[in-house]
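> What shape does this take:
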Amino acid sequence: MAHLIPFPLILLQSLTLLISIAIEAIIYQSKLNLSHKRSVEFSISMNLLSAIFLWAVFSIFLSFAPDPIKMRFMSYLLFSNLYDLNSFQANLSFLLMFLFLFMFVCLIEFKGLDILQALLLSSPDSSDSEQFLVNRINKALLKTDVSKASVIVLANICSNSVILLILLFKILPTYD
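Numbering: from 1, shown residues only. All right, here's what the predicted structure looks like:
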């Protein structure tokens, strides 16, 4: 049995994670007044969390998708070519998918940052610290800090813009 390991996809995912972590950490440090170490930790945590969620959602989507859509996605992900799809359909579908993923990642990173901050706060030394932790997580899920949300959206716009440029440079040679 032959095993297919998508090395280009693994390298591209690693590159996008490194770029996102670096750019977003710089923005978190400057806009949220976090230390360098804390901003890098938050950026790593949020980007890995969003990557895991995105791959989980993608796997669930593929399990319910019809066979032609599965073929298109798998041929692009594994072989970097679009199976039975013209360029307009491909560009439109990638644009819509990118916009959805951008909004999904912003939501994951925003609420993930709130939950992570709630978990990292020092808890009181009492027997009901578990209930205190649950209350902090619920509060983090329900509250919305507009300034923090705008910083996260700005960080994602900057990192995703750079990633889009890299993807465009990857795609452009196929349009010769």
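> The chain: helices as residue ranges?
7-31, 36-64, 67-79, 87-120, 129-142, 146-171 (DSSP state H).
> Compile these into JSON lines and extend it with columns for mean pLDDT and mean neighbour count.
Every C-beta, even on glycine, is put in place using the N, C-alpha and C of the backbone. Output for the helices of the chain, formatted as JSON lines (pLDDT from 0 to 100; neighbours: other C-beta atoms under 10 Å):
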{"stretch": "helix 7-31", "mean pLDDT": "90", "mean neighbour count": "16"}
{"stretch": "helix 36-64", "mean pLDDT": "88", "mean neighbour count": "15"}
{"stretch": "helix 67-79", "mean pLDDT": "75", "mean neighbour count": "14"}
{"stretch": "helix 87-120", "mean pLDDT": "75", "mean neighbour count": "15"}
{"stretch": "helix 129-142", "mean pLDDT": "76", "mean neighbour count": "12"}
{"stretch": "helix 146-171", "mean pLDDT": "83", "mean neighbour count": "16"}
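> ok, the most centrally placed residue in the chain to residue 7 distance?
Nearest to the geometric centre of the chain sits residue 50, at 3.8 Å (C-alpha atoms, centre = their mean). Separation of residue 50 from residue 7 (C-beta to C-beta, to the nearest Å): 22 Å.
> what's the answer for residue 31, then?
According to C-beta to C-beta, residue 31 stands 36 Å off from residue 7.
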